[in-house]
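S.K.: what follows is a predicted protein model with its sequence.
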Amino acid sequence: DAKTTQPPSMDCAEGRAANLPCNHSTISGNEYVYWYRQIHSQGPQYIIHGLKNNETNEMASLIITEDRKSSTLILPHATLRDTAVYYCIVLSGNTPLVFGKGTRLSVIA
Amino acid sequence: GAVVSQHPSRVICKSGTSVKIECRSLDFQATTMFWYRQFPKQSLMLMATSNEGSKATYEQGVEKDKFLINHASLTLSTLTVTSAHPEDSSFYICSAYRGLAEETQYFGPGTRLLVL
């Protein structure tokens, strides 16, 4: 079973920031928070991951709360091509990714 | 980022035939590869874990004699769906793990299988 909880769907206006929340209250000390997204009929795409510090890359920012029980993925300027299902996953090492239902983000023009 | 390919991207076959799907890590060596299956409007479900040179580990409910996995090299894993039936029609996706600490897994583009 997935160890994370995400809202089933969200809408975001094009050009605005998309903030996708994730609860992972049972995360253990050696588990990382990973975010992937899946655009329709494609394989999942890695976005970003972190342990306890906030992270930023060319795609997104990841904000992890101090107690590590939740996190937020931020797409700073959402475009129509960011419409996808976003998955928040916690894991350590080379264990397989367990996908929950994710959040379906719809970016609206 | 690392690139994983799958071949074929889509395949249509007759019921009772076997279909082989290839998963390749193009620019890195993958110590572990995972095979997932995704039915319409559902999330990805793990089928099996494949380590190079050893037998695959299958998830509960996945028939190992029906879904044959071979991980003969550090860059190639194959999934063979034997005696395919219409209920095996699905989107099959592999991922590859390089084996470094904190290293992420990279996914292939998926193979859509339709069994008639």
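M.R.: In hand now; what should we look at?
S.K.: make it CA atoms for all contacts and neighbour counts henceforth
M.R.: OK.
S.K.: surely A:Leu73 is in contact with A:Ser61?
M.R.: Yes. With contact defined as C-alpha atoms under 8 Å, A:Leu73 reaches A:Ser61; the gap is 5.9 Å.
S.K.: what residues does chain B have near chain A?
M.R.: Within chain B, the positions lying close to chain A (C-alpha under 8 Å from any C-alpha of the partner chain) are B:32, B:34, B:42-46, B:49, B:93, B:97, B:99, B:101-110.
S.K.: which parts of the chain are strands?
M.R.: I went with chain A, as the question did not name one. A:9-13, A:18-23, A:32-38, A:45-50, A:55-56, A:61-64, A:70-75, A:84-91, A:103-108 (DSSP state E).
S.K.: switch to chain B, that's the one I care about
M.R.: For chain B, applying DSSP E gives strands covering B:4-7, B:10-13, B:19-25, B:32-38, B:45-51, B:57-58, B:67-73, B:76-81, B:90-97, B:105-107, B:111-115.
S.K.: make JSON lines from these and add mean pLDDT and mean neighbour count to it.
M.R.: Shown next, in JSON lines, are those (pLDDT from 0 to 100; neighbours: other C-alpha atoms under 10 Å in any protein chain shown):
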{"stretch": "strand B:4-7", "mean pLDDT": "96", "mean neighbour count": "21"}
{"stretch": "strand B:10-13", "mean pLDDT": "96", "mean neighbour count": "14"}
{"stretch": "strand B:19-25", "mean pLDDT": "96", "mean neighbour count": "22"}
{"stretch": "strand B:32-38", "mean pLDDT": "95", "mean neighbour count": "23"}
{"stretch": "strand B:45-51", "mean pLDDT": "93", "mean neighbour count": "22"}
{"stretch": "strand B:57-58", "mean pLDDT": "94", "mean neighbour count": "16"}
{"stretch": "strand B:67-73", "mean pLDDT": "91", "mean neighbour count": "19"}
{"stretch": "strand B:76-81", "mean pLDDT": "96", "mean neighbour count": "21"}
{"stretch": "strand B:90-97", "mean pLDDT": "95", "mean neighbour count": "26"}
{"stretch": "strand B:105-107", "mean pLDDT": "91", "mean neighbour count": "25"}
{"stretch": "strand B:111-115", "mean pLDDT": "97", "mean neighbour count": "21"}
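S.K.: tell me which of those strands lies nearest to A:Leu105.
M.R.: strand B:32-38 (19.0 Å; C-alpha to C-alpha).
S.K.: output the contacting helices and strands for the closest one.
M.R.: Counting contacts by 3 or more C-alpha pairs under 8 Å, 6 or more residues apart in numbering or on different chains; DSSP states H and E, strand B:32-38 packs against strand B:45-51, strand B:90-97.
S.K.: tell me the residue of chain A that sits nearest chain B?
M.R.: Residue nearest to chain B within chain A (C-alpha to the nearest C-alpha): A:Gly43, separated by 4.4 Å.
S.K.: pLDDT at the nearest residue to that residue once chain neighbours are set aside, what is it?
M.R.: Nearest non-adjacent residue to A:Gly43, counting by C-alpha to C-alpha, 6 or more residues apart in numbering or on different chains: B:Pro109, 4.4 Å away. At B:Pro109, the pLDDT value in this model is 96.
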